[in-house]
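Asks: Model the structure of this input:
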Amino acid sequence: MVMATQPFSVMPGLVPGIHGIFSMADASVDRRDKPGDDRLADPCPTLLRAFATLFLLLTLLLSFPALAHESRPLTVVINQQTATHFLLTWRAPSSIDPRNAPALALGAPCTEQSRAMEGFTGRALYECAGGLEGARLSIDYPAYNPSVSSLVRVLWKSGEVSTQLLPPETTRWRAPAPETFSGVARSYFELGVKHIVIGVDHILFLIGLLILARTPRRVLVTVTGFTIAHSITLALVALNLVRVSVPAIEAAIALSIVFVAAEIARGNKNTLAWRRPILVASTFGLLHGAGFAAVLGEIGLPQTEKLTALFFFNVGVEAGQVSLVLVAFAWLWFVTRARTVANKGAATPMPELATRLAGYGLGVVSAYWFLERAGALFA
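Replies: Predicted structure coming up:
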């Protein structure tokens, strides 16, 4: 899962340090393209600057503490022990105040047999004479709701796994019947979409690729390359054909965003990343696919519908990506239209400064993620 982004206010001295990552960037950010200078030519300045502006807005939003929600969920597992007995276990993220650790319980038709809680974890054994279907799971925080999502898994004796990601405001949930094909397809499709929507690191990497691609045709080719690459590693890792270190993959994903940010900040259109963004998308797409598989590793795949769950999770991820691209182009249309109206019908490109600032803003966020994840890797 993606680690929560911390507000810039808690990172004193980080921004000057990140400046060294982009030490090769040209100090003259307001220079104009010279006639005949292909290195500085911008074939689609309005598209590039619009994406850059969107980048800046995302970075500003991430800097507000109120928007920096904890992205690691409360993990809940309901494990079927016998035909009528179920073991409920849970683990809350360590970011929650220990005095506000949640208490979980199953309602009718289940009756509690035993309970034990310690710190952020707890377990309770229930007898459900009529089966688990319809039993209500309640999640209660003693003081306040800390805005944490809940990942609920039901492990059936048949090997099937039912999974549901609950939004922070949902603290009541009814247990389902064992999954069917359609239920697995719908559930994992929704999980794939939600992972992209809440995965800020994947969002920023994708928008960085859009800035490098610049034109609609190159955007299509670049996103296709990213899709093919991450689909390969998603399948290999999720099916346990290849094993990876999740902390190392998370750190490498952050580093991939640092690389894209450096290219954007330098603004040298003659580099391989600017000329062939599909190579960047395909190479780093392999890392992001392993990151997607790590999410599936936490959720689990149903034993009887593994391929179904994997396929529809990937389809959900693609649907989320397509939605983000459409939003980006809608933003492009809005910015282009607004600037045209403001200039009385004459469309003018945004200043080069917007692109450079987008690169620096992305670099600050991603470099902090890398340092945080690398620290966790060697802790």
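
Asks: what's the burial count for Ser162?
Replies: Neighbour count for Ser162, taken as other Cβ atoms under 10 Å: 21. For glycine as for every other residue, the C-beta is placed from the backbone atoms N, C-alpha and C.

Asks: packing partners for the helix or strand encompassing Leu371?
Replies: Element membership of Leu371, judged by DSSP states H and E, is helix 352-378. Helices and strands touching helix 352-378, by 3 or more Cβ pairs under 8 Å, 6 or more residues apart in numbering; DSSP states H and E, are helix 14-18, helix 45-62, helix 200-213, helix 246-266.

Asks: mean pLDDT lowest for which of those helices?
Replies: The minimum mean pLDDT among the helices and strands packed on helix 352-378 belongs to helix 14-18 (a mean of 39).

Asks: Was I right to think Glu190 contacts Gly316?
Replies: Yes - counting by Cβ atoms under 8 Å, Glu190 does reach Gly316; the two are 6.4 Å apart.

Asks: Which one of the two is surrounded by more residues?
Replies: Legend: neighbour count by other Cβ under 10 Å for Glu190 and Gly316, higher for Gly316 (22 against 17).

Asks: Let me know how buried the nearest residue to Ala177 once chain neighbours are set aside is, in neighbour terms.
Replies: Using Cβ to Cβ, 6 or more residues apart in numbering and skipping the chain neighbours, the partner closest in space to Ala177 is Glu133 (4.6 Å). For Glu133, the count of nearby residues is 13 (other Cβ under 10 Å).

Asks: what's Glu133 in contact with, if anything?
Replies: Glu133 makes contacts with 175-177, as judged by Cβ atoms under 8 Å, 6 or more residues apart in numbering.

Asks: Please indicate which of those are buried?
Replies: Neighbour counting with 16 or more other Cβ atoms under 10 Å marks 175-176 as buried within the contacts of Glu133.

Asks: Output the below-cut-off pLDDT ranges for the stretch 101-250 of the chain.
Replies: Filtered on pLDDT under 70, the stretch 101-250 of the chain yields the residue ranges 178-179.

Asks: what residues go with each domain of the chain?
Replies: By the assignment in automatic domain parsing, the chain contains the domains 8-68+199-378, 74-179.

Asks: and the nearest residue to Pro98 once chain neighbours are set aside, how many neighbours does it have?
Replies: In this structure, Pro98 finds its nearest non-sequential neighbour in Gly119, 6.6 Å apart by Cβ to Cβ, 6+ apart. Gly119 has 10 neighbouring residues, counting by other Cβ under 10 Å.

Asks: these two touch, right, Gly119 and Ala101?
Replies: Yes - using Cβ under 8 Å, Gly119 makes contact with Ala101 at a distance of 6.9 Å.

Asks: Going along the chain, name the helices of this structure.
Replies: 14-18, 45-62, 181-198, 200-213, 216-238, 246-266, 272-275, 277-299, 306-342, 352-378 (DSSP state H).

Asks: Out of the ones you listed, which is closest to Arg115?
Replies: In terms of Cβ to Cβ, the element of those nearest to Arg115 is helix 277-299, at 24.8 Å.

Asks: one step back: ok, the contacts of Glu133 vs Ile299, which is closest?
Replies: Pro176 (15.0 Å).

Asks: what's the spacing between that closest one and Gly131?
Replies: 11 Å (Cβ to Cβ, to the nearest Å).

Asks: what bridges to the closest residue to Ala105 other than its chain neighbours?
Replies: Distances taken as Cβ to Cβ, 6+ apart put Ser138 closest to Ala105, at 5.2 Å, once the chain neighbours are dropped. According to DSSP bridges, the partner residues bridging Ser138 are Ala105, Arg172.
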